[in-house]
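Enquirer: here is a sequence together with a model predicted from it:
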Amino acid sequence: MSNTENADVSSTLENDMSDILSIISNISDENTNSKETVFLNSLKPYLNKKRQKKIDQCKKIISITGTLRLLNDLHIFDSFLENDDN
């Protein structure tokens, strides 16, 4: 009986992970069209190669922070932030 319970839990976990990965993918798509990335992309042709690489790094940071904001809004990090002082 415990095997079926474990199967259900792992199935739920797999579904949750696929949902999270889907959300992250959607955020990445949204961040590529954000006003910040559009602005950075418009600057790129006027910069040297070294600074163009910095622009790409900034765009990645924007993407990561957007993802973290969404995960925070979904309360994904709540279990990490709980105080277990008991």
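Expert: Nice, I can see it.
Enquirer: what helix or strand does residue 76 sit in?
Expert: According to DSSP states H and E, residue 76 maps onto no helix or strand at all.
Enquirer: just give the nearest non-adjacent residue to it, would you?
Expert: Nearest residue to residue 76 in three dimensions, chain neighbours excluded: residue 20, at 7.4 Å (C-beta to C-beta, 6 or more residues apart in numbering). Heads up, the C-betas are built off the backbone N, CA and C, glycines and all.
Enquirer: from what I see, that neighbour and residue 67 are in contact.
Expert: No: applying C-beta atoms under 8 Å as the test, residue 20 and residue 67 come out as separate, 9.9 Å apart.
Enquirer: on that earlier part again, residue 39 versus the residue nearest to residue 76, what's the distance?
Expert: To residue 39, residue 20 is 29 Å away according to C-beta to C-beta, to the nearest Å.
Enquirer: so these two - more neighbours on which side?
Expert: residue 20 (15 against 10; other C-beta atoms under 10 Å).
Enquirer: ok, how many other residues are close to residue 81?
Expert: 8.
Enquirer: find the nearest non-adjacent residue to residue 47, please.
Expert: residue 55 (6.8 Å).
Enquirer: residues of the helix or strand the one you found falls within that come out buried?
Expert: Here residue 55 sits within helix 49-73, counting by DSSP H and E. For helix 49-73, the buried set under the neighbour-count rule, 16 or more other C-beta atoms under 10 Å, comprises 55, 59, 62-63, 66-67, 70.
Enquirer: put together a markdown table for the residues you listed, with pLDDT and distance to residue 46 on each row.
Expert: Formatted as a markdown table, the buried residues of helix 49-73 follow (pLDDT from 0 to 100; distance: C-beta to C-beta, whole Å):
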| residue | pLDDT | distance to residue 46 |
| --- | --- | --- |
| 55 | 96 | 10 |
| 59 | 91 | 16 |
| 62 | 88 | 19 |
| 63 | 84 | 22 |
| 66 | 82 | 25 |
| 67 | 80 | 29 |
| 70 | 80 | 32 |
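Enquirer: now flag whichever of these is closest to residue 35.
Expert: If you rank the buried residues of helix 49-73 by distance to residue 35 using C-beta to C-beta, residue 62 comes first, at 10.4 Å.
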